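*Asks:* What follows is a predicted structure for the sequence shown.
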Amino acid sequence: MADSNVVVDNSASDVEPHGKALEGEDLFGDGSVMKQVIRAAPAENTASPEAGHKVKVHYVGTLTQDGTKFDSSRDRDAPFDFTVGSGVIRGWSEAVPTMRVGEVAKFTICAAKAYGEQGSPPTIPPNASLDFEIELLSFTDRDDVLRDGSLMKKVLRKNADDWKTPNKRCDVRLKVRVGAADAAVDVDWPHVKHGDAPPEVEGAKLPWVLRDGLHEMKKGELASFVVTETGVDYEVEVVSWIENEDCDLDAPDAVVKRVERVHVKGDYDWKTPNDEDLVAVRGSLWAAEGGGNAVDFGEVDADDVESTWRVDEDLEAKRVDAGGETAVPVCRGLEAALKKMKVGEVATLKIAASHGFADGPLAAKALAGRVELVRIAEETKSWDLKPDEKIAAVEAKKALGNAHVKRGDYARAERRYKAALDVGASDYDLSDAQKEALGAAVCACKLNRAMCYLKLARYSDADKDCKDVLEKQPGNVKALFRRGRAQLGLDQWTNAKASFKAVLAKEPDNRDAKRGVADIVRRERAHKEKERKLYAGKQLFDKAKPARAAPPVDFQPEHAPGPDATPPDAPLPDAPPQQ
């Protein structure tokens, strides 16, 4: 301990002077950090934090020059956490490691190890020396990985060469050593599902909280985890993992893909199939339970066989081998998985019955499978199409949509019409005649898509498509009628009646429009009858109540109720279904 009342001679120092005589221990012999112990730590607390340790402190910060307080964790009643060596001024990372838990000390830190020439306006001026009264509350060499104190981690061996980590849907292979056990044990921990039991090591189940701590580890990393609730130390190494990828986000667990072999590395290794891309596939699908019949697309890695089809368009694949061509059925779940695959990838699949086959020996059965994506032949991008090709592409996709409408597959038809509209979204570089032709094709697609939206009860989308068409073709009867149906579906009765009457103004004998108007009139009458009964019941209720004198109310003239004012205690009628 240095003598008290030390005056620092800065003439031979590379740090700035504090501007006044300093007291306490000169930690580095240059006056840059001075320390005075206010309260010593308990004798049993002998350890001090080191670089990289997580520290919790209370502090009060003041200006050395005049004692002005600029910050205090005590005023906030919230201890401050930081990692020694990062995230704080240099003087703190040098001062706090000299403390022990329970100690309170005052540190005077020169500007060079605080906020320097710039200061920290408006509270800390330039070149300011700072005083900090710090109490060391605790420290640890472990990370609170779950941010709730339940699991504390210490990295024993890092892997700086890889950035990937397993997620909750991964099946993870580990080496685990529990407590003082002599050796680590190989453990396979499947991805977490509700009700699953965790694996066991030496007769005891691993805690679920440990699984959550694995998600920040890299392959080959070795770490020690202490479960706070039990105090048990688990030494864990991540050996490998396989991801169970959800392929249909609208239906979790309906289609799950596990990569068995990663894709081919190359210039286009990021590409995955899109709707209407031509794909070549090998592999097979079979019943998840009971085995039996399988749908065969060709043996994985075989050079003499493959099956091809257009994604989300063809209902069957064309399997080509030495024996010729064979039609092979395709299901929704298989296509969902392929849209997550890259060329050369081999994956195993689990497909729910809802995403499987509707017909054949595997109809309505949950499926398992193993498939290889051999190649993708992408559609020509819309920006690469010449003007005549663009119009032809719109018409071709519209024809595909029409074919799906005839089969009653309105969802697939809607996707084809959307693809057509994407192609026809720009008429750049088209002649006036070509613009007119493209505009007519686009309007036809929107009208057809509006009809699909009506079938799918997507009334707002149908209304928007009809509105877009009417902006281009104000007298289009189909657009007026379908918009009326959409508005009726949205309970916009007044607007729907106006749309149907606009149809009748152009086609007085249009029976569908007449039925639409009649339906609205019927609904309006039913609504009025409901209101009449509601108020009739209210009047009967009022007659049955004993009379009571109401206190006089002195209304201001501008606020006085008129003769038709609704009684303040009257029930509100159902709002008419009009938006």
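*Replies:* That came in fine, so what should we check first? Numbering: from 1, shown residues only.
*Asks:* and stretch 124-131, how far from the chain's centre?
*Replies:* 44 Å (Cα atoms, centre = their mean, to the nearest Å).
*Asks:* With only the CA atoms kept, save it in CSV.
*Replies:* Provided in CSV are the C-alpha atoms of stretch 124-131 (Å, rounded to 0.1, in the frame of the first residue of the first chain):
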residue,chain,number,x,y,z
ILE,A,124,-18.5,15.5,-18.1
PRO,A,125,-16.3,18.3,-19.5
PRO,A,126,-13.2,17.8,-21.6
ASN,A,127,-10.0,16.5,-19.9
ALA,A,128,-11.9,15.8,-16.7
SER,A,129,-10.5,13.6,-13.9
LEU,A,130,-13.3,11.5,-12.3
ASP,A,131,-14.0,10.0,-8.9
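*Asks:* Give the buried residues for that stretch.
*Replies:* Buried residues in stretch 124-131, counting neighbours by 16 or more other Cβ atoms under 10 Å, are found at 124-125, 127-131. C-betas here are computed from N, CA, C, even on glycine.
*Asks:* how close does the residue lying closest to residue 220 once chain neighbours are set aside get to residue 141?
*Replies:* Nearest residue to residue 220, sequence neighbours excluded (Cβ to Cβ, 6 or more residues apart in numbering): residue 159, at 4.4 Å. Separation of residue 159 from residue 141 (Cβ to Cβ, to the nearest Å) stands at 19 Å.
*Asks:* pLDDT and distance to residue 387 for the buried residues of stretch 124-131 - can I get that in TSV?
*Replies:* Shown next, in TSV, are the buried residues of stretch 124-131 (pLDDT from 0 to 100; distance: Cβ to Cβ, whole Å):
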residue	pLDDT	distance to residue 387
124	96	66
125	96	69
127	96	70
128	96	70
129	96	74
130	97	71
131	97	76
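*Asks:* ok, the residues you listed vs residue 64, which is closest?
*Replies:* Distance to residue 64 across these (Cβ to Cβ) is lowest for residue 129, with 4.0 Å.
*Asks:* hang on, the earlier thing: wait, the residue nearest to residue 220 touches residue 219, no?
*Replies:* Yes - applying Cβ atoms under 8 Å as the test, residue 159 and residue 219 come out as touching, 6.3 Å apart.
*Asks:* Surely residue 348 forms part of a strand?
*Replies:* Yes - under DSSP: H, G, I helix; E, B strand; the rest coil, residue 348 sits within a strand.
*Asks:* Which residues does it form beta bridges with?
*Replies:* Bridge pairing for residue 348 (DSSP bridges) gives the partners residue 258, residue 370.
*Asks:* Give me the pLDDT value at it.
*Replies:* Note for residue 348: predicted pLDDT of 96.
*Asks:* Return the distance of it relative to residue 354.
*Replies:* 19 Å.
*Asks:* what about these two, which has more around it?
*Replies:* residue 348 (17 against 13; other Cβ atoms under 10 Å).
*Asks:* contacting residues for that one?
*Replies:* Neighbour list for residue 348: 257-258, 260, 368-370 [criterion: Cβ atoms under 8 Å, 6 or more residues apart in numbering].
*Asks:* quick check: longest helix of this protein.
*Replies:* helix 511-544 (DSSP state H).
*Asks:* Chain neighbours aside, what residue packs nearest to residue 382?
*Replies:* Looking at residue 382 with Cβ to Cβ, 6+ apart, the closest residue is residue 423, at 4.5 Å.
*Asks:* which of the residues in the helix or strand residue 243 falls within are buried?
*Replies:* Using DSSP states H and E, residue 243 maps to strand 233-246. Buried positions in strand 233-246, judged by neighbour count with 16+ other Cβ under 10 Å: 234-238, 241-246.
*Asks:* What is the neighbour count of the residue nearest to residue 220?
*Replies:* Other residues close to residue 159 by other Cβ under 10 Å number 15.
*Asks:* One more: residue 122?
*Replies:* Neighbourhood size, residue 122 [other Cβ under 10 Å]: 7.
*Asks:* swap in residue 363?
*Replies:* Neighbour tally, residue 363, other Cβ under 10 Å: 12.
*Asks:* Kindly provide the distance from it to residue 287.
*Replies:* Taking Cβ to Cβ, one finds residue 363 at 10 Å from residue 287.
*Asks:* Residue 63 is in contact with residue 127, isn't it?
*Replies:* No - in this structure, residue 63 is not within contact of residue 127 by Cβ under 8 Å, at 11.4 Å.
*Asks:* returning to what we had before: return the set of buried residues in the longest helix of the chain.
*Replies:* For helix 511-544, a neighbour-count test (16+ other Cβ under 10 Å) marks 513, 516-517, 520, 523, 527 as buried.
*Asks:* So for residue 155, what's the pLDDT?
*Replies:* At residue 155, pLDDT is 91.
*Asks:* Okay, and the beta partners of it?
*Replies:* Beta-bridge partners, per DSSP bridges, of residue 155: residue 223.
*Asks:* For it, give me its contacts.
*Replies:* 221-223.
*Asks:* so how many other residues sit close to the nearest residue to residue 144 once chain neighbours are set aside?
*Replies:* Excluding the flanking residues, the one nearest residue 144 by Cβ to Cβ, 6+ apart is residue 152, at 6.2 Å. Using other Cβ under 10 Å, residue 152 has 20 neighbouring residues.
*Asks:* and what of residue 197?
*Replies:* 8.
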